[in-house]
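Enquirer: here is my input; please provide its structure:
(chains A and B)
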Number of protein chains: 2
Amino acid sequence: MLVAARELLVERGYDELTMDAVAERAGVHRTTVYRRWRDVGGLLADVLDVAGGDDWRPPDTGTLEGDLVAVNAEVEAALSAEAVIAALIAASFRSQEAAGALRRFWEERYARCAVVVERAVRRGECPEGTCARRVLVAATAPVYQQRVLVRGGADPELGRQAARSVALGAAGGLFVTGAGGG
Amino acid sequence: MLVAARELLVERGYDELTMDAVAERAGVHRTTVYRRWRDVGGLLADVLDVAGGDDWRPPDTGTLEGDLVAVNAEVEAALSAEAVIAALIAASFRSQEAAGALRRFWEERYARCAVVVERAVRRGECPEGTCARRVLVAATAPVYQQRVLVRGGADPELGRQAARSVALGAAGGLFVTGAGGG
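Expert: Predicted structure coming up:
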């Protein structure tokens, strides 16, 4: 049923994603869908939670810059290839449950990526106290801004330049908490 | 009527923003609303176009870092104070016209802010060929990511750190086109 919901969301968007449509696509009775989810928001939240439950690991290229550039290349590729991400972000503006699930998804990804910064600290590339979450938000946000919010075309160079710039800033201690100034 | 539409959007959200509700709030006959706009999408696009038609100018603090930090402080304050921005972004996922208007709004803001980078180039803070748009997207995107997409709390330090990091990267020539590597 989650696969059916995901397909419908990509093909038709949130407005046409109904419990009945999911039942029809999945070939089950509608009561089966309603037994599992109260409404479309709950169903969407599960689609996202499943997406976040994969075994994805951040790249390990040997440098912070290389890792961040590689992460942005993955984000760019995912936004180009998988319409489900854009559809889920759109749905998050319609359903509180989807918004909460999206937030959990991102926080879980930031947490999983923290190892990229921890390794950089161990290698001496950036100082102790560097905030991994802020490094990751700063590095990846420009790609989401360009593709999802501004709805501009793919700009892989933006992702690379943003990643390299954040790596340079991190090396300079700019992401140590308190370094931003008052 | 635009003021009425803006108020309704903030108070009740896109779902309850109807042509009739706008007429009622503005105290005009519904035909007056329909004479001017075909549908809610067109009306929303005008709300955004009016928002973009102000005389806002980017800060001029004397350094690229100071200017970018000040821009992010303004974005952060606007997202905290003006629910209309978040409401318009949400609406952009429902209406093609609103999405187009939001894109024009952002591109116009990036263009208006380009002077921040042009001044930095003239002062010798960053090299000729630095892409102003990418500098501005990279500096400001983390604030939108945190507040609008992840829906995290206000994190002014994120905005300051991202701005300072982008200024450092620009000074290092990282935003010259082609500098991102292949």
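Enquirer: for the longest helix seen in chain A, buried residues please.
Expert: In chain A, with assignment by DSSP state H, the single longest helix is helix A:96-122. For helix A:96-122, a neighbour-count test (16 or more other C-beta atoms under 10 Å in any protein chain shown) marks A:97-99, A:101-103, A:105-106, A:109-110, A:113-114, A:116-117, A:119-121 as buried. (Each C-beta comes from the backbone N, C-alpha and C, glycine too.)
Enquirer: distance of the residue located most distally from the centre of chain A from residue A:14?
Expert: For chain A, the largest distance from the centre (C-alpha atoms, centre = their mean) belongs to residue A:29, which lies 32.5 Å off. Distance, residue A:29 to residue A:14, by C-beta to C-beta, to the nearest Å: 23 Å.
Enquirer: and for residue A:152?
Expert: For residue A:152, the distance to residue A:14 - C-beta to C-beta - is 22 Å.
Enquirer: looking at these two, which one has more neighbours?
Expert: More crowded of residue A:152 and residue A:14, by other C-beta atoms under 10 Å in any protein chain shown: residue A:14, with 21 against 17.
Enquirer: got the contact list for the more buried one?
Expert: Contact partners of residue A:14, counting by C-beta atoms under 8 Å, 6 or more residues apart in numbering or on different chains, are A:40, A:87, A:90-91, A:94-95.
Enquirer: can you redo the residues you listed as JSON lines with secondary structure, neighbour count and distance to chain B?
Expert: JSON lines is the format used below for the contacts of residue A:14 (DSSP: H, G, I helix; E, B strand; the rest coil; neighbours: other C-beta atoms under 10 Å in any protein chain shown; distance: C-beta to the nearest C-beta, whole Å):
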{"residue": "A:40", "secondary structure": "helix", "neighbour count": "22", "distance to chain B": "14"}
{"residue": "A:87", "secondary structure": "helix", "neighbour count": "22", "distance to chain B": "10"}
{"residue": "A:90", "secondary structure": "helix", "neighbour count": "19", "distance to chain B": "4"}
{"residue": "A:91", "secondary structure": "helix", "neighbour count": "27", "distance to chain B": "8"}
{"residue": "A:94", "secondary structure": "coil", "neighbour count": "22", "distance to chain B": "8"}
{"residue": "A:95", "secondary structure": "coil", "neighbour count": "20", "distance to chain B": "11"}
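Enquirer: which one of those is nearest residue B:19?
Expert: Within the contacts of residue A:14, the smallest distance to residue B:19 is 20.6 Å, found for residue A:94 (C-beta to C-beta).
Enquirer: list the residues that contact the closest one.
Expert: A:14, B:93.
Enquirer: now the phi/psi pair for it, please.
Expert: Dihedral pair for residue A:94: phi -110, psi -30, per degrees, to the nearest 10.
Enquirer: what does residue A:176 give?
Expert: Here is the backbone geometry of residue A:176 (degrees, to the nearest 10): phi -70, psi 130.
Enquirer: and it, what's its pLDDT?
Expert: At residue A:176, the pLDDT value in this model is 96.
Enquirer: the residue nearest to it when sequence neighbours are not counted and residue A:166, how far apart?
Expert: The shortest distance from residue A:176 to any non-neighbouring residue, by C-beta to C-beta, 6 or more residues apart in numbering or on different chains, is to residue A:129 (4.4 Å). Going from residue A:129 to residue A:166 by C-beta to C-beta gives 16 Å.
Enquirer: of these two, which one has the most company?
Expert: More neighbours surround residue A:166 than the other of residue A:129 and residue A:166, with 35 against 12 (other C-beta under 10 Å).
Enquirer: quick check: which element contains the more buried one?
Expert: Element membership for residue A:166 (DSSP states H and E) is helix A:156-171.
Enquirer: hmm, that helix in reach of chain B?
Expert: Yes - contact of helix A:156-171 with chain B is found when judged by C-beta under 8 Å from any C-beta of the partner chain, involving A:156-162, A:164-166, A:168-170.
Enquirer: ignoring the adjacent residues along the chain, who's closest to residue A:168?
Expert: Nearest residue to residue A:168 in three dimensions, chain neighbours excluded: residue B:169, at 5.3 Å (C-beta to C-beta, 6+ apart).
Enquirer: residue A:61 and residue A:71 touch, don't they?
Expert: No - in this structure, residue A:61 is not within contact of residue A:71 by C-beta atoms under 8 Å, at 9.9 Å.
Enquirer: more crowded one of the two?
Expert: residue A:71 (22 against 14).
Enquirer: for the helix or strand encompassing that one, packing partners?
Expert: Residue A:71 belongs to helix A:64-81 when assigned by DSSP H and E. Applying 3 or more C-beta pairs under 8 Å, 6 or more residues apart in numbering or on different chains; DSSP states H and E, one finds that helix A:64-81 contacts helix A:83-92, helix A:96-122, helix A:132-144, helix A:156-171.
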